[in-house]
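Undergrad: pasting a predicted model and its sequence here:
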Amino acid sequence: MEYFLELFFSGLTRGSIYALIALGYTMVYGIIQLINFAHGEIYMIGAFTALIVSGVLSWYGMEGVSLLILSTVLAMMYAAAYAFTVEKIAYKPLRQAPRLSPLISAIGMSIFLQNYVLLAQTSDFLPFPSLIPEFELPEKYQHIIGSTDLAIIAITAVVMVCLTLFIKFTMMGKAMRATAQDRSMAMLLGVNVNRVISNTFILGSALAAVGGVLVASHVGRINFYIGFIAGIKAFTAAVLGGIGSIPGAVLGGLVLGWTESFATGYISSDYEDVFAFVFLVLILIFKPTGLLGKATAQKV
Amino acid sequence: MNIARQIKDSLLVAIWFIILTFPIMVIRVNTIENEIEWRWHNMVLVAVVSFVLSFAWRYLFTIKTTGGKESAAAVPLLPWTQRIMENPRLLIPLLAALGVGVIIFPFVLSVYQVNIMVTALMFVVLGLGLNIVVGLAGLLDLGYVAFYAVGAYAYALLNHHYDIGFWAALPIGAFLAFIAGILLGFPVLRLRGDYLAIVTLGFGEIIRLILENWNEFSFGPSGISNIDRPGFFGINLSFSEATIYIYFIMIALCLFTIFVVNRLEKSRIGRAWIALREDEIACQAMGIDKTKTKLAAFALGATWAGMIGVIFAAKTTFINPASFTFMESAIILCIVVMGGMGSIMGVILGALILILLPEYLRAFSDYRMIAFGVSMVLMMVFRPQGILPGVRAKYQFKAAPKNAGGTE
C-alpha cells in the first residue's frame, strides 16, 4: 500500500508537470489547429533561462524564495518572448498554407532552437540548482512524498486555477474561446485574431516555462535535448485528454503521469519512455478524440 | 516603404533580438565553479545579423507577395531542368558527361571522397523513398528512420547469427521493411495528417528504444560489430576496393530507384497518390481505395529505407541504435522539403546539397543541424514547392505528322 501511495504521488507530480506543458499544446491547437512542435523547446529555453538567471543572481548573493520567484518570472517572460517571435517568423506567414506546411516549419523551428541552445551554451548536462526550498514534512509522510513534489503539485494547482479563471472571466479569455470556436466569425465580430493567437502562444509558453523550472529543479540537471521527450509526452497528454480541451489536457497529463509511474514501478523501468509512446499510438488509433474531446465531422 | 522607415524597423528588430537572445547568447553560467562568463561579442553579432537579416526578410516577403506573381505571369518558362529534359540535344551529352564522371570518380579521388559520396547517394535513395510517402502521397512520416533501422538490423542480425551474406540480405531487408510498413501503416492510416505525423514519430522512437533496451535481441546500445562487407564472387576485397564496390552498388541502386520511382509516379497508383494528396474526399468520390493507396505508399517508401539500411550496415560494418534517432528522419525529411516535394530531380539535388555541403565545409559542421532547421522554416515560408518543384506530367495529343513513317 505504501509503495502504491509512493507511486501514486510520484505519478501525480509527473502528471501535473505534463499537464502544464500540455496546456500550451492544447491551447494552440484549439486556436490554429497546429501541433506546435517547438513547444518542447520553449519549455527547455524556459529551464535554461531560469538556470542562467538564478546563476547570475545567486552569484550576487540572492537566495531563497525570492530567487525562485525572480528566476521563474524571468523564465516565463523569456519563454513567452521566444514563442511570440517563433510564431511571428515561422507560423504567421503560413496561416493560409496547406496544413502540413506549418507543421514542417514547426519541426524546423524545433531543430533550430535545440541547436541554438546547444551552440550558444553547451551540449553537456548542466547541474540545475534546487530552487524549490526544502521543508520538513511529518515523519509519517516523508517517504511517500517529498517536499519538492508537494511544492510542485501545489504550484501547478495554483497555476491551473489562475488559468481557468483567466479563460473564463477575462475579455481576452472570452476572445480566445471565441476564436477557438470559429475563427472567421470571431474576426467578423471584431476580435483581433492575430492578437489572440499571439496571446495564446505567450500564455501557453509561460506555463511551459513554469513546468520547465519545476522539472529542472526536481531532476537537478538539464541539457538542450530535454524539450524533445517532454514535448512528445506533453503532446501525448494533450491528445489523451482531447486536444483543444483545457480540462482535458490536465486530465490527460495526470493519467499519463500515473500510467508511467505505475508501469515503471510495477513492470520495468527500462521501458519508461516506451510506455508513453505506446500509449500515444494506442490512443490515436482507437480514440483520436481523446477522453474529453468532441468528435468533429469533417466539412467538405 | 521609404528607407528611413525600413532602417527604424530593422533597428527595432535588432533591439528585440538583443533582448531576446541576451541570457542564452551572452551569459554562460558554470554552476560547479561558480563562475559567470560574459560574452559581449555575441551580443554585437546578434545585433548586426538580425539587423541585416530583417532587411532580407522584408525583401523576400515583397518578392513573395508582389514580384512572384508578376514574374510567373510574364515568364511562363518551365524550370531549367525541365527544359533540359525535353531537349535531347542538351540531354544526351549532359547524361554522357555525367555517366563518365560517375564512373571515373572513385578511381580519381581518394577513398575518403568516395565514402562521402556513398553516404550522399544513400541519402538520395532514402530521400526518393520518403518522397513517395511525403511528396507524392502527402503523408507526413516522421518515423521513416524506423524502416531504415529494420533493414540495418535485419542484415546485422542475420549475418551475426546465420552468416547470411549481403546479396541475400538485401531483398530480405527490403521485404522486412515492406512488412513493417504494412504493419505500421495498417492501424495508423485512418488518422488525419498531423496525427499521422506524431504516431509515426512515436513508432520511430519505440523501435529505437526497443533496440536500445532489448539486449538479448539487439545487443543494446553497444550495437553489433563485424558485419560483413558485400561479397564480390567470393574474392576478399581490401577496404578501399570494398568502398569502390559499394559505391558502384549505390550508383546502380540509385539508377534503379530513379527508374522505379519515375515509373511509379506516372502509373495509375502514382496518380492516385497525387490525387489523394490534393484532396482526399474528392479522391474517394472518384472511386480510389484510400486505405489501399495509402498503404501502398507507406510500404513502398519503407522498402527503400530497408534496402538502404542493409547497405548502411554493410558499409559501416557496425551499427547501434544511436544511428537511428529522430534527427535522421528529420534530415531525410529536410532533403525532401528542400528539394521539392514530389520532384525526383529536386530530391536528388537536395540530398547532394544537404549531405555534401556540410562534409566539405568541415569548419561549419557544428552549424549543420541549425542550418537544416533554418532552411526548413525558410523553405516553408518562402518557397514551399522546393528548389526544383515537381512538374505535373502533361499529356498532349499530337496530331500525327503527315507522311509519318513514309518511305521515300
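TA: In hand now; what should we look at?
Undergrad: show me the shaky parts of the stretch 51-200 of chain A.
TA: Along the stretch 51-200 of chain A, segments meeting pLDDT under 70 span A:136-137, A:139-143.
Undergrad: for it, what spans make up the strands?
TA: Under the criterion DSSP state E, counting those that start in this stretch, the stretch 51-200 of chain A contains strands at A:126-127.
Undergrad: what is the least confident helix or strand in chain B?
TA: In chain B, no helix or strand scores lower on mean pLDDT, DSSP states H and E than helix B:68-74, which sits at a mean of 47.
Undergrad: and the closest residue to chain A within the stretch 1-150 of chain B, helix, strand or coil?
TA: Of all residues in the stretch 1-150 of chain B, B:Val29 sits closest to chain A, at 3.2 Å by C-beta to the nearest C-beta. Placement of C-beta: from N, CA and C, glycine included. Reducing the assignment at B:Val29 to three states with DSSP: H, G, I helix; E, B strand; the rest coil gives strand.
Undergrad: that one bridge partners, please.
TA: Beta-bridge partners recorded for B:Val29 (DSSP bridges): B:Ile36.
Undergrad: any weak-confidence spans in the stretch 1-150 of chain B?
TA: B:1, B:31-32, B:67-86.
Undergrad: where do the helices sit along it?
TA: Counting by DSSP state H, counting those that start in this stretch, one finds helices in the stretch 1-150 of chain B at the ranges B:3-21, B:40-62, B:68-74, B:80-85, B:88-108, B:111-130, B:145-162.
Undergrad: just put these in CSV and tack on distance to chain A and mean neighbour count.
TA: Listed next are the helices of the stretch 1-150 of chain B as CSV, based on distance: least, C-beta to the nearest C-beta, whole Å; neighbours: other C-beta atoms under 10 Å in any protein chain shown:
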stretch, distance to chain A, mean neighbour count
helix B:3-21, 5, 14
helix B:40-62, 7, 14
helix B:68-74, 13, 10
helix B:80-85, 23, 14
helix B:88-108, 31, 11
helix B:111-130, 13, 22
helix B:145-162, 12, 25
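Undergrad: can you redo these as CSV with distance to A:Ile202?
TA: Shown next, in CSV, are these (distance: least, C-beta to C-beta, whole Å):
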stretch, distance to A:Ile202
helix B:3-21, 13
helix B:40-62, 21
helix B:68-74, 32
helix B:80-85, 44
helix B:88-108, 52
helix B:111-130, 35
helix B:145-162, 34
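Undergrad: of the ones you listed, give the one that comes closest to A:Leu7.
TA: helix B:145-162 (31.0 Å; C-beta to C-beta).
Undergrad: check which helices and strands the helix or strand following the closest one is in contact with.
TA: Next along the chain after helix B:145-162, taking DSSP states H and E as the criterion, comes helix B:166-188. With contacts taken as 3 or more C-beta pairs under 8 Å, 6 or more residues apart in numbering or on different chains; DSSP states H and E, helix B:166-188 sits against helix A:272-286, helix B:145-162, helix B:193-213, helix B:290-316.
Undergrad: next, work out how far apart the closest residue to B:Ala120 other than its chain neighbours and B:Gly386 are.
TA: Nearest non-adjacent residue to B:Ala120, counting by C-beta to C-beta, 6 or more residues apart in numbering or on different chains: B:Ile355, 4.2 Å away. Counting by C-beta to C-beta, to the nearest Å, the separation of B:Ile355 from B:Gly386 is 16 Å.
Undergrad: also B:Pro23?
TA: Applying C-beta to C-beta, the value for B:Pro23 to B:Gly386 is 36 Å.
Undergrad: these two: who's more crowded?
TA: With neighbours defined as other C-beta atoms under 10 Å in any protein chain shown, B:Pro23 and B:Gly386 compare such that B:Pro23 has more, 24 against 21.
Undergrad: list the contacts for the more buried one?
TA: A:Phe48, A:Thr49, A:Ile52, A:Val53, A:Leu74, A:Tyr78 (C-beta atoms under 8 Å, 6 or more residues apart in numbering or on different chains).
Undergrad: surely the third one meets B:Phe22?
TA: No: proximity of A:Ile52 to B:Phe22 does not meet the contact threshold set by C-beta atoms under 8 Å, at 9.4 Å.
Undergrad: these two: who's more crowded?
TA: A:Ile52 (24 against 16).
Undergrad: any idea how far B:Gly390 is from that one?
TA: 45 Å.
Undergrad: over to B:Phe123?
TA: For B:Phe123, the distance to B:Gly390 - C-beta to C-beta - is 19 Å.
Undergrad: now swap in A:Tyr25 and tell me
TA: Applying C-beta to C-beta, the value for A:Tyr25 to B:Gly390 is 32 Å.
Undergrad: what about the two, which has more around it?
TA: For A:Tyr25 versus B:Gly390, neighbours defined as other C-beta under 10 Å are more numerous around A:Tyr25 (27 against 22).
Undergrad: contacting residues for that one?
TA: So A:Tyr25 contacts A:Ile35, A:Asn36, A:His39, A:Gly204, A:Ala234, A:Phe235, A:Ala238, A:Ile243, A:Ala249 (C-beta under 8 Å, 6+ apart).
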